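**Student:** below: sequence and its predicted model.
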Amino acid sequence: MKKALVCGAGGFIGGHMVKRLLDEGYEVVGVDIKVGFDWYQTHDRCKSNKGTFDLRDPYAVREFMQRENFDEVYQFAADMGGAGYIFTGEHDADVMHNSATINLNLAHSISTLEKKPKVFYSSSACIYPAENQTDPNNPNCEESSAYPSNPDSEYGWEKLFSERLWRSYARNYSLDVRIARFHNIFGPEGTWDGGKEKAPAAMCRKVIQAGHKGVMEVWGPGNQTRSFLYIDECLEAVRRLMASEVEEVINIGSDEMISINNLALMAADISGKEVTIKNVDGPVGVAGRNSDNKLIYELLGWAPSQPLREGMEKTYDWIEDEINYSIKKEEWIRNND
């Protein structure tokens, strides 16, 4: 039985990876700074620190890595969120400090081990130069276009730094590292309110809360484009990458590009409601972004297996259930207070 460490296991992608690895027969240790991250714990053999572990503490990280004996490490831990968190500028210092510190601590601690685990690091499409993404219909996110570098946010700069950090440790300390740039991963169990949610979840929530023949606000002009990858597709690509000898940094995303207004209309169509879109000022990031999948298909033979709408339907149903549960819970509290 292989033993894996999932960093950021209380988060959306990390939690789903825990479930995937458990289903494959791994022993899994999940660590996260947040308290009570147990939604994925469907197997008795899953162990977690339940929010008591801070990867920003270099001494705790080194002691922990020396004590345990991992075959694989999945590094998803980061200070991040959707456009409402990343592109306002209000969290730049925390995003850069927290995420960089985590990667510095992990890379250094792993380099000191006699038996070094294989490492996966999750980078982001936010590393791509802003000037390559000014045309909503023709963005350039080919892996080789990352340099000369000019990410659109401090989050992107930190991700690019950490890519280079992990590659440097791989060269100098013989670490076996795999890196992928994620393009907007979404699905059930993801954040859907509070400011850190990403566009698919935000559109589903806004449609649900708009009611029949309601109005939903969409940030920006609405013609800005993105591609979105369903969580199960992401996990499959990561596992293929980890099983391979591919050391190149590659994209993991969908190449089905859609405008944000059309994403909102898709959510409305799934709901069966007549919803009017009202475009308003708000943080939007680059004008266009789409995953270039030529390299990952060439190296791993991987491509997304389902259309965006299929993932959106699953996500909409889950968020609707979450909202209905919240409403019923609040009603119960009011009636029993």
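**Tutor:** In hand now; what should we look at?
**Student:** now do the same contact list for Cys141.
**Tutor:** Contacts for Cys141 (Cβ atoms under 8 Å, 6 or more residues apart in numbering) come out as Ala125, Tyr128, Asn132, Gln133, His183, Asn251, Arg289, Asn290, Ser291, Asp292. C-beta here means a position set from N, CA and C on the backbone, and glycine is covered the same way.
**Student:** in strands only, show me the residues you listed.
**Tutor:** Using DSSP state E, the members of the contacts of Cys141 that fall in strands are Asn251.
**Student:** distance of His212 relative to Ala237?
**Tutor:** Using Cβ to Cβ, to the nearest Å, one gets 38 Å for the distance from His212 to Ala237.
**Student:** of those two, who's got more company?
**Tutor:** Higher neighbour count among His212 and Ala237: Ala237, with 23 against 9, using other Cβ atoms under 10 Å.
**Student:** can I assume that one is in contact with Ala303?
**Tutor:** No - with contact defined as Cβ atoms under 8 Å, Ala237 does not count as touching Ala303 (9.2 Å).
**Student:** name the residues contacting each of those two.
**Tutor:** Going by Cβ under 8 Å, 6+ apart, residues that sit against Ala237 and also against Ala303 are Ile296.
**Student:** all strands for the stretch 101-250 of the chain, in order.
**Tutor:** Under the criterion DSSP state E, counting those that start in this stretch, the stretch 101-250 of the chain contains strands at 118-124, 177-182, 185-186, 215-219, 225-227, 229-230, 250-252.
**Student:** hey, which of these is tucked in deepest?
**Tutor:** Neighbour counts (mean count of other Cβ atoms under 10 Å) averaged over each of the strands of the stretch 101-250 of the chain peak at strand 250-252, with a mean of 27.
**Student:** need the contact partners of that strand.
**Tutor:** 125, 141, 143, 179-183, 229, 234, 237-238, 241, 291-293, 295-296, 299-300.
**Student:** which non-adjacent residue is nearest Asn184?
**Tutor:** Distances taken as Cβ to Cβ, 6 or more residues apart in numbering put Phe228 closest to Asn184, at 4.6 Å, once the chain neighbours are dropped.
**Student:** and the one you found, what pLDDT?
**Tutor:** In this model, Phe228 is scored at 98, pLDDT.
**Student:** ok, it touching Pro200?
**Tutor:** Yes - Phe228 lies in contact with Pro200 (Cβ under 8 Å); the separation is 5.4 Å.
**Student:** what is in contact with these two at once?
**Tutor:** With Cβ under 8 Å, 6+ apart, Phe228 and Pro200 have common neighbours Asn184, Phe186, Leu263, Gly311.
**Student:** just give me the closest of those to Trp332.
**Tutor:** Nearest to Trp332 out of these is Phe186 (Cβ to Cβ; 29.9 Å).
**Student:** contacting residues around the closest residue to that closest one other than its chain neighbours?
**Tutor:** Leaving aside its chain neighbours, Phe186 sits nearest to Pro200 (4.1 Å; criterion: Cβ to Cβ, 6+ apart). Contacts of Pro200 were listed using Cβ under 8 Å, 6+ apart, and they are Asn184, Phe186, Phe228, Leu263, Ala267, Gly311, Met312, Thr315.
**Student:** longest helix of this protein, counting residues only.
**Tutor:** In the chain, with assignment by DSSP state H, the single longest helix is helix 308-335.
**Student:** what packs against that one?
**Tutor:** Identification of packing neighbours for helix 308-335 by 3 or more Cβ pairs under 8 Å, 6 or more residues apart in numbering; DSSP states H and E yields helix 199-210, strand 229-230, helix 260-271.
**Student:** hmm, try it at 10 Å
**Tutor:** strand 185-186, helix 199-210, strand 229-230, helix 231-242, strand 257-259, helix 260-271 (3 or more Cβ pairs under 10 Å, 6 or more residues apart in numbering; DSSP states H and E).
**Student:** columns distance to Tyr325 on top of those, output as CSV?
**Tutor:** Below are those laid out as CSV (distance: least, Cβ to Cβ, whole Å):
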stretch, distance to Tyr325
strand 185-186, 20
helix 199-210, 12
strand 229-230, 22
helix 231-242, 20
strand 257-259, 29
helix 260-271, 17
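**Student:** Val28: which of the ones you listed is closest?
**Tutor:** Go through those one by one with Cβ to Cβ and the one that ends up closest to Val28 is helix 231-242, at 13.3 Å.
**Student:** how about the secondary structure of the residue lying closest to Asn293 once chain neighbours are set aside?
**Tutor:** The spatial neighbour of Asn293 that comes closest, neighbours along the chain excluded (Cβ to Cβ, 6+ apart), is Asp255 at 4.9 Å. Following DSSP: H, G, I helix; E, B strand; the rest coil, we place Asp255 in the coil state.
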